[in-house]
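Student: heads up, no residue letters with this:
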């Protein structure tokens with residue numbers, strides 16, 4: 001069935017989930033678009049069960065390919081990339097094992113790319129444990145096809161996509177968000193192959209669960225790609241066992257790695273929200289920072305820094321958090337941080353300073369790597385939310401912490 005008529009390539013990573021995979025492949029035999037218009041690529045991350053036999057059982061019912069990579073631990077991104085390299089269609093659909101699409105799933109994803117429009121399509125996934133397990137869902141899926149299950153749970157708030165409240169906040173327009181890529185999840189999404197490879201595909205350095213899809217979304221966003229939520233491209237997440245503690249631990253390690261890779265305020269906030277507060281605060285917290293930064297552009301702290309730096313002994317290593325756009329002439333070469341990139345560049349254009357685009361919540365500096373940390377009044381408007389975090393970080397990186405302007 002593979003030929004020039006292919007419009008979509010469905011890439012499904014999997015690992016030791018043969019029965020869930022069987023369900024997912026079964027739903028793909030019921031799609032409303034002709035079978036010759038799509039292919040399925042199962043990218044196996046080193047399964048030891050009968051995954052290959054399950055795939056082979058669909059030969060003749062689907063145009064399906066099987067790729068196996070050696071089991072070297074969690075390498076879902078590597079598997080997805082391998083599957084995408086085998087793809088022959090112009091549009092890539094990423095679907096997780098255990099996601100059970102409705103009959104119009106592929107038609108909806110295809111419609112999202114009509115006319116070759118540049119966009120990443122985010123599908124809607126019902127049934128992911130939003131407020132705890134969805135009662136009776138496994139039994140319902142055993143008795144009914146996905147579209148009947150969807151009708152059965154109509155009005156059940158716990159059945160909605162776990163991201164639903166975030167979708168509502170932006171009026172279901174992801175491009176109205178300042179962190180749209182936070183909602184780009186690889187369990188159900190699509191993108192044109194040329195756009196996927198233009199940013200290098202998934203980062204294969206992720207060897208733990210979580211955030212490899214958001215990181216791809218970040219690169220797509222910075223490459224100018226808009227996002228579209230398409231509720232018609234829906235699937236139901238089949239219940240299955242999860243090690244929530246392990247996943248949470250892995251996600252926290254991954255967000256720390258992301259902050260090291262993208263040392264800037266948006267990722268700093270994501271790190272803090274995941275590890276201390278709530279990941280769902282990320283959008284509002286970053287939006288509030290951007291608004292505050294705009295209002296604080298004229299805040300000049302050079303005079304208060306001049307006063308406090310006079311108290312610091314000579315030849316000390318100094319870090320300044322909240323520099324603004326101007327440092328006093330008395331400032332020795334220092335490590336200088338601010339949440340406003342433009343002002344930071346102005347402040348460090350001369351003087352031999354080292355610049356870090358940072359709020360001060362979590363910096364790239366090592367423990368006790370400076371003698372004195374100076375925190376300026378430019379952080380005053382952020383103090384209610386982030387003051388405790390900034391002070392904890394200042395004490396981590398410095399032996400002495402001084403507050404200027406107080």
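Tutor: Received, thanks. Remember, it's a predicted structure, so these values are computed and weren't measured experimentally.
Student: Strands of this protein, start to end?
Tutor: Ranges of strands within the chain are 8-14, 38-44, 64-68, 91-95, 99-101, 120-126, 188-192, 227-237, 318-321, 335-338, 354-357, 370-375, 398-403, based on DSSP state E.
Student: of these, which approaches residue 278 most closely?
Tutor: Proximity of the strands of the chain to residue 278 was assessed by C-beta to C-beta; the nearest stretch is strand 120-126, lying at 20.0 Å. (Glycine included, C-beta is placed from N, CA and C.)
Student: what pairs with that closest one, and is each one parallel or antiparallel?
Tutor: Note on strand 120-126: by DSSP bridges, its sheet partners are strand 188-192 (antiparallel), strand 227-237 (parallel).
Student: Same list (those) but as TSV, adding distance to residue 45 and mean pLDDT.
Tutor: Formatted as TSV, these follow (distance: least, C-beta to C-beta, whole Å; pLDDT from 0 to 100):
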stretch	distance to residue 45	mean pLDDT
strand 188-192	18	98
strand 227-237	19	97
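Student: closest to residue 283 out of these?
Tutor: Residue 283 lies closest to strand 227-237 among the strands paired with strand 120-126, at 13.2 Å (C-beta to C-beta).
Student: And that closest one, how far out from the chain middle?
Tutor: Chain-centre distance of strand 227-237: 17 Å, with C-alpha atoms, centre = their mean, to the nearest Å.
Student: list the contacts for the nearest residue to residue 68 once chain neighbours are set aside?
Tutor: Nearest residue to residue 68 in three dimensions, chain neighbours excluded: residue 44, at 4.5 Å (C-beta to C-beta, 6 or more residues apart in numbering). Contacts for residue 44 (C-beta atoms under 8 Å, 6 or more residues apart in numbering) come out as 13, 14, 15, 51, 52, 66, 67, 68, 69, 79.
Student: Hmm, the second one is touching residue 45, no?
Tutor: It stands for residue 14. Yes. Counting by C-beta atoms under 8 Å, residue 14 does reach residue 45; the two are 6.8 Å apart.
Student: which residues do the two both contact?
Tutor: With contacts defined as C-beta under 8 Å, 6+ apart, the residues shared by residue 14 and residue 45 are residue 79.
Student: Of the strands paired with strand 120-126, which stretch is the most buried?
Tutor: With neighbours defined as mean count of other C-beta atoms under 10 Å, the strands paired with strand 120-126 peak in mean count at strand 188-192, which reaches a mean of 25.
Student: where do the helices sit along the stretch 101-250 of the chain?
Tutor: Counting by DSSP state H, counting those that start in this stretch, one finds helices in the stretch 101-250 of the chain at the ranges 105-111, 137-143, 146-152, 164-169, 193-198, 212-222, 244-261.
Student: Report the contact partners of the one residue sitting closest to the centre of the chain.
Tutor: Centroid-nearest residue in the chain: residue 214, 2.0 Å away (criterion: C-alpha atoms, centre = their mean). Contacts for residue 214 (C-beta under 8 Å, 6+ apart) come out as 181, 182, 184, 185.
Student: Let me know the pLDDT of it.
Tutor: Note on residue 214: pLDDT of 95.
Student: For it, give its distance to residue 241.
Tutor: 24 Å (C-beta to C-beta, to the nearest Å).
Student: Looks like residue 25 contacts residue 40 (just checking).
Tutor: Yes. Using C-beta under 8 Å, residue 25 makes contact with residue 40 at a distance of 6.9 Å.
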